[in-house]
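> take this sequence and fold it.
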Amino acid sequence: MNAPDTSRIFLSAVSTEFRSYRLKLANQLGALKGRPFEVKVQEDFQQGGFTLLEALADYVRDCDLVIHFVGDAAGARPSADHERALFRHLGETPPEPLPGWSYTQWEYRLARRFNKRMLVYLAGPEAPRDCGLPVRQSDDNARLQQAHLAHIHNSGEHWTPFAIRHADAYTALLFVTADSPASLRQNLAALCGPLVLDLAEKDAREVEVQVAAVLRWLQQHPGWFLIFDNVDTEEAARAVEDLLGQLQSAGQVLVTSRISHWSAAVMTLALDVLAESDAAAFLLERTNDGRRKAPDDAVHARTLAVTLGQLALALEQAGAYIAEQGIAFYRYLKEWQEQHDRVLEWFDERLMRYPMSVAVTWQTSFNQLSDAGRRMLHRLAWFAPDPIPETMLQTLIPGTTDDVYELRDARVNLTKYSLVTFAPDSATFTVHRLVHDVTRRSLRDDTEHHALTEALGWINAAFEGDPQDVRTWPTLDPLAPHARAAADHADQAAIADPTARLMNQLGMLLFAKAQHAEAEPLMRRALAIDEQCFWDLHPNVARDLNNLVTLYYSTKRLAEAEPLMRRAVGSLLNFTQRTGYQHPHSQTFLANYAGLLQATGLSDSEIRQRLNDLRAEYGMSLS
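Next comes the predicted model:
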C-alpha cells in the first residue's frame, strides 16, 4: 500500500538506449522531499499470473505522471498473444491486425489512453546513448520507431528536445535575479545588453520598452532556457507568474524560490539536502587531490556528511578547507567539535532558518581567512546577492588603508573557501545570500557598525555619475542593487550619511528609467533623513525637494508639487540668509518654481504675488 500523499511516477524508456539517464532521474526524484515519490520502471514488474503488458497497464492507469524518453531504438516487442491478452484485460476485442508496438511504445499509448499527465522528451542526435550510435536494430523496428516519433510530433501534445548534459542544445541560456518585482524587471531588461541578446532596444531609457523587447525575442526564438532566481517574496512570485503567461511554450523556465505554494500553472518540486551516500561521495571526490588519506576515509566522510547536515554549501566549504589545509576528515571533525560551543553563541536556527551545520562550516572556514579576507567578507555581508562587478576592487574604501592589491588578494582569499564565486562569463563575483546572513549574524555590535559603515562608504564611492545621463548606466546599473541593500541596512542602523545621498541617487536613476513607483519611496526617504539632520536649513533638503517635485511634475501631480517647490526655494534662501553665500542653484530653483506656478494655471499677477510672499517671508530680494 502506498501512503496517501505518495506521487507515483513511471519512467518510460528503452533500457539499452537510456538506462543511465533513467537511473539518474530516478535517483534525483528519490532525493526530493516534501511529498514522497514512488518511481517505477519497466524492470520493476514481475509477470506472475499476468503478462508484462497487463502489469504495465494497471500501474500506468493508477500512476500520477509518466515521463517518456524517446530516441532511435524501438526496444523489445511483446508477442502477439500478449498483445491480445492486453486488449482482453482492457475489456476490448483484439483488433486485426494487431498494432505490433514495442513495450516502451505501449507505455506511451497507455498513458495517452488513460489521460495521464505526461512529460515527453525527444533525444536529439547529439545526446549520448548508452548503446552508442547508430542504434543496432532490425529495419522493421527502425520503421516502427520512426512511426512512433511521427505520431508524437503530430499528436498536438507538448514535447521537449532531450538536452541532458548538452547546454549548447539551447538557443540561449538566460539568468535573471528576481527577488523583487523591480529587480525582475530591471534584470529582465538587462538581457537586451550587448553581452547577452544585443537587441536594438539596449539603449532605450525606459525599462518597460526593454522588457517588451526581451519578451518579443523569447516568443519568436524557441528553444531557450531561462532561470528566474531567488523568487522569495509573494510580490516577486506574482510578477514571475504574470510573465510566465506571456512566454507560452517557446522555451523552458526554471524558478528557484523558497516559496512552496504556487498556482496550478507552475509544477513545483521541493528540493532537500543530498542523500547521505551522495554527500559522502561528494566529500571524497572534492578532497581527493588535497586531503591526507586514511584507510577509514569512507567512514569519516559519511560521518562528516551527516554532521554537516548534507547541505551542499556546507559540504563544499568543508571540502575546500580540507583540500586547502591538506588534513584528514577526522581532523576536520575534531576542529568542528572544539569550536562547536563558540559557534552556537551566535547561531539561532529559528531566526536564520538555516541548518546549524552551515554556521559551523562557515565558522571553521572563516577562522582560516587572512585578516584582509575577514574584513572583506564583513563588508560584502551588506551587499545584495546580485553579481558584484570586479570594478569594485579598483575602488578604494574611504577611511581605510587598503589598496587595490589588498582588495584583490582578499577576494582571492575568500574564493579559496568558496565564500565568493566567480562568474565564468562576466567580470563579476557573487556572495550567496546564506553567507550574507550568517556573516552578519556573527558580527558584534561594534564590528557590525564598523563593517556596515565601510561597506556603505565603499559603494557610495563607486556610485558616481549623473543618474539621468544614459552614459552612466553601465556603471550604475550593476551597483544599484548593492547600493539599495547597503542603504537599507544603514537606514535601519540610523546611519544618515551617505545613506540619504545613495537613496536620492537611486531614486533619480529609477526616475530616469520611468520607474516612478519604485523611485518615489527612495526619494521620499532621502528627504526624510536630510530633514531630520538639517531641518529646512540646508541645500541637501532643497535638492531632495526639487527632485521629488520633478517626479511629481512628470506624473501630473502639480498640486502636490507646488508646496514642496516653495520649500525648496525657501531652504536655499534660508541658507543664503544665514551664511551670506548665495547658493548656485538659487536662481534655477526660483525659475523652476515660477514655471511650476505657471503650469498650474496661475496668472502672471498671481505668480508675482507668490514670489513676493516668499520675498517678504525671508526679507530678501528674489530678483
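> I'd assumed residue 484 was in contact with residue 179.
No. Here residue 179 does not reach residue 484: they are 11.0 Å apart, not a contact under C-beta atoms under 8 Å. Yep, even glycine has a C-beta here, placed from its N, CA and C like the rest.
> now do the strands in the stretch 201-350 of the chain.
225-229, 252-255 (DSSP state E, counting those that start in this stretch).
> need those strands in a markdown table with distance to residue 75, can you?
A markdown table is the format used below for the strands of the stretch 201-350 of the chain (distance: least, C-beta to C-beta, whole Å):
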| stretch | distance to residue 75 |
| --- | --- |
| strand 225-229 | 29 |
| strand 252-255 | 27 |
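> what about those strands, which gets the closest to residue 405?
Among those, the nearest to residue 405 by C-beta to C-beta is strand 225-229 (32.4 Å).
> which strands and helices lie in contact with that closest one?
For strand 225-229, the elements it packs on are strand 173-177, strand 252-255, judged by 3 or more C-beta pairs under 8 Å, 6 or more residues apart in numbering; DSSP states H and E.
> contacts for the longest one next, please.
Counting contacts by C-beta atoms under 8 Å, 6 or more residues apart in numbering, the residues outside strand 173-177 that touch it are 167, 183-184, 187-188, 191, 196, 224-230, 385-386, 481.
> now which of those residues would you call buried?
For the contacts of strand 173-177, a burial check counting by 16 or more other C-beta atoms under 10 Å picks out 183-184, 187-188, 191, 196, 224-226, 228-230, 385-386, 481.
> contact partners for residue 610?
Counting by C-beta under 8 Å, 6+ apart, residue 610 has contacts 566, 593, 597, 602.
> so which of those residues sit within helices?
566, 593, 597 (DSSP state H).
> please name the nearest non-neighbouring residue to the last one.
Spatial nearest neighbour of residue 597, excluding adjacent residues (C-beta to C-beta, 6 or more residues apart in numbering): residue 607 at 4.7 Å.
> buried residues in the helix or strand harbouring the one you found?
Residue 607 belongs to helix 604-618 when assigned by DSSP states H and E. Buried residues in helix 604-618, defined by neighbour count with 16+ other C-beta under 10 Å: 607, 611, 614.
> how close does residue 509 sit to residue 522?
9 Å (C-beta to C-beta, to the nearest Å).
> who has more neighbours, those two?
residue 509 (25 against 22; other C-beta atoms under 10 Å).
> who's in contact with the residue nearest to that one when sequence neighbours are not counted?
With sequence-adjacent residues excluded and distances taken as C-beta to C-beta, 6+ apart, residue 509 is closest to residue 467, at 3.8 Å. Counting by C-beta under 8 Å, 6+ apart, residue 467 makes contact with 476, 505, 506, 508, 509, 511, 512.
> go on, residue 22?
By C-beta under 8 Å, 6+ apart, the neighbours of residue 22 are 11, 13, 15, 41, 69.
> helices - which of those residues land there?
Using DSSP H, the contacts of residue 22 in helices are residue 15.
> quick one on the thing from earlier: scan the ones in helices among the contacts of residue 610 and report the most crowded one.
Most neighbours among those, by other C-beta under 10 Å: residue 593, with 24 neighbours.
> distance check, that one against residue 563.
11 Å.
> one more: residue 317?
For residue 317, the distance to residue 563 - C-beta to C-beta - is 55 Å.
> which of those two has more residues huddled nearby?
residue 317 (24 against 11).
> helices of the stretch 451-600 of the chain, start to end?
For the stretch 451-600 of the chain, the helices defined by DSSP state H, counting those that start in this stretch cover 473-492, 499-512, 516-534, 539-554, 558-579, 586-599.
> dump those helices to a markdown table, plus distance to residue 90 and mean pLDDT.
Output for those, formatted as a markdown table (distance: least, C-beta to C-beta, whole Å; pLDDT from 0 to 100):
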| stretch | distance to residue 90 | mean pLDDT |
| --- | --- | --- |
| helix 473-492 | 58 | 93 |
| helix 499-512 | 63 | 92 |
| helix 516-534 | 59 | 87 |
| helix 539-554 | 69 | 80 |
| helix 558-579 | 72 | 72 |
| helix 586-599 | 78 | 72 |
